[in-house]
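J.: Here is a sequence with its predicted model. Questions after.
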Amino acid sequence: MSQPDEMTKRTVLSLYEAYFDGDSHAMVDLMSEDVWIRFLGRADFRGKDEARRFFTQNTPMLEDLDFRVSKLIIDGFHAAALWSETARTIHGYEYQNHGVDIFEVRNSEIVSVHENNDINVHRSHFDRREN
């Protein structure tokens, strides 16, 4: 594995480790100041401040999370992670989704994350109006 491959892999795996631990601050610490985070069909954030606000609010939305990366593909400064997850939402509903995250990493910092998942699954759980 080349030097950029190793750096990219290490950084991406560190991000997932922080995610598994529910540590949104550690996630954001791995990002560049001008990071671009895009959740297809859902959100588009620029910079660490916006990323921090999003991850602080979003991370607690799922409880008993079982998130699994089934394949991690590294190509220099880029990575793709195929994943699936099951959980219970904060509203008490069973939740299952799957997707792929695309990363760009430079100097051991994540400069972009593009998440692609089944947005219909997400919307069916979190666009509900709870009374």
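T.: Sure, I can see it.
J.: Going by C-alpha atoms from here, please, whenever you check contacts or count neighbours.
T.: Will do.
J.: Could you give me the buried positions within whichever strand or helix holds Arg53?
T.: Element membership for Arg53 (DSSP states H and E) is helix 48-58. When burial is assessed from 16 or more other C-alpha atoms under 10 Å, helix 48-58 yields the following buried residues: Lys48, Glu50, Ala51, Arg52, Phe54, Phe55, Thr56.
J.: wait, which of the residues you listed is closest to Phe77?
T.: Sorting the buried residues of helix 48-58 by how near they are to Phe77, with C-alpha to C-alpha, puts Lys48 at the top with 19.7 Å.
J.: The closest one: what's it in contact with?
T.: With contact set as C-alpha atoms under 8 Å, 6 or more residues apart in numbering, Lys48 has these partners: Val28, Met31, Ser32, Glu33, Asp34, Val35.
J.: Looking at the closest residue to the first one other than its chain neighbours now. What's its pLDDT?
T.: Think Val28. When the adjacent residues along the chain are set aside, Val28 lies closest to Arg52, with 6.1 Å between them (C-alpha to C-alpha, 6 or more residues apart in numbering). At Arg52 the predicted local confidence, pLDDT, stands at 92.
J.: re earlier: would you list the buried residues of helix 48-58 in CSV and tack on distance to Asp23?
T.: Below are those laid out as CSV (distance: C-alpha to C-alpha, whole Å):
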residue, distance to Asp23
Lys48, 15
Glu50, 16
Ala51, 13
Arg52, 11
Phe54, 13
Phe55, 9
Thr56, 9
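J.: Give me the buried stretch members for the least confident helix or strand in the chain by mean pLDDT, please.
T.: The helix or strand with the lowest mean pLDDT-type score in the chain, counting by mean pLDDT, DSSP states H and E, is helix 119-126 (a mean of 76). Applying a neighbour-count criterion of 16+ other C-alpha under 10 Å, one finds His125 buried in helix 119-126.
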